[in-house]
Each structure stands twice: as structure tokens, then as C-alpha cells.
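Q: structure for the following, please:
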Amino acid sequence: MGRTRHILAVTLVATAFWGVITLSKALADRIVSCLKQIDDGRARERIFATSQEEIRLISDNELVSMIFAMRDGARGDDDKEAILKILEALDCEERIRIVNRIGVAELLDNADGSDWDRLIPADKLWQS
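A: Take a look at the predicted model:
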């Protein structure tokens, strides 16, 4: 009987230890995932503090991540202004790359006519 209790105790301790290790790894993975994500507030602050020249130096991947972060959840005017600032800073080719990665419908979802006018001034449409 004593040997059975000893084996049972060792098994329970080993199982509990394995559970702690598994839980710790899952928690660590979750923390790392959260830290890697760009939240909308940080993305907005960074864009508002960045000049157009500096925006052009940010990689496409990072710009797309920031735009997606600002598009997630509640979208305020600050989010829209920051996204427009990014797109206005880019030349036509860069703008097309970013828009293609995000999706036209996704960007136009919350846009109005004045936003469109900011991105594509009418006088530039007719230049050859």
C-alpha cells in the first residue's frame, strides 16, 4: 500500500509540474504575441510624430501593420487622419503597393469624398 501511494504521489507531482510548464509556456507565448502587436494608439502617436520624409523610410510591412492596427476596433477621426497622413506621404507607386496589401474596400470603408480628394487631387488626374 505504501509503494502505491508513493507512485501515486510522484505521478501527481510530475503531472502538476508538467501542467505548470505547459501553462508557463502558453502564458509566455501569449505575452510575446501581445508585445509584438502594434496597438492603434502607438501607431497613431508614431505617425503623428513622424514627418512625411520619415514615413517614406518606414518599411511597407510596418506601414501595413500600423494601418491594420488603426483599422481594428473603434475607428475615430484620429485613426483616419493618421492613415491619410501615411498615404499622403507616399508616392503613387508606394501608395498602390500599400493599398493593394490592405485592400481598397478596407480603406474606403470609412472614407468620405473629402478623404478621396486628399488622396487623389483632381488636377493630378488630368496630368499626362
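
Q: neighbours around Ser59, how many?
A: The number of residues packed near Ser59 is 8, by other CB atoms under 10 Å. For glycine as for every other residue, the C-beta is placed from the backbone atoms N, C-alpha and C.

Q: ugh, wrong one, I meant Ile67
A: 25.

Q: same question for the helix or strand harbouring it, mean pLDDT?
A: Here Ile67 sits within helix 60-71, counting by DSSP states H and E. Over the span of helix 60-71, the pLDDT mean works out to 91.

Q: quick check: next helix or strand after that helix?
A: Following helix 60-71 in sequence, per DSSP H and E, is helix 77-89.

Q: buried residues, the helix or strand following that following helix. List them.
A: Going down the chain from helix 77-89, the next helix or strand is helix 92-102, by DSSP H and E. Neighbour-count burial for helix 92-102 flags Glu94, Arg95, Ile98, Val99, Ile102 (criterion: 16 or more other CB atoms under 10 Å).

Q: rebuild these as CSV, extending it with pLDDT and distance to Ser65.
A: Below are the buried residues of helix 92-102 laid out as CSV (pLDDT from 0 to 100; distance: CB to CB, whole Å):
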residue, pLDDT, distance to Ser65
Glu94, 92, 16
Arg95, 89, 17
Ile98, 92, 11
Val99, 88, 15
Ile102, 88, 10
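
Q: out of these, which comes closest to Leu87?
A: The nearest member of those to Leu87, counting by CB to CB, is Arg95 at 5.6 Å.

Q: which one is the closest one nearest to, not counting chain neighbours?
A: Leu87 (5.6 Å; CB to CB, 6 or more residues apart in numbering).
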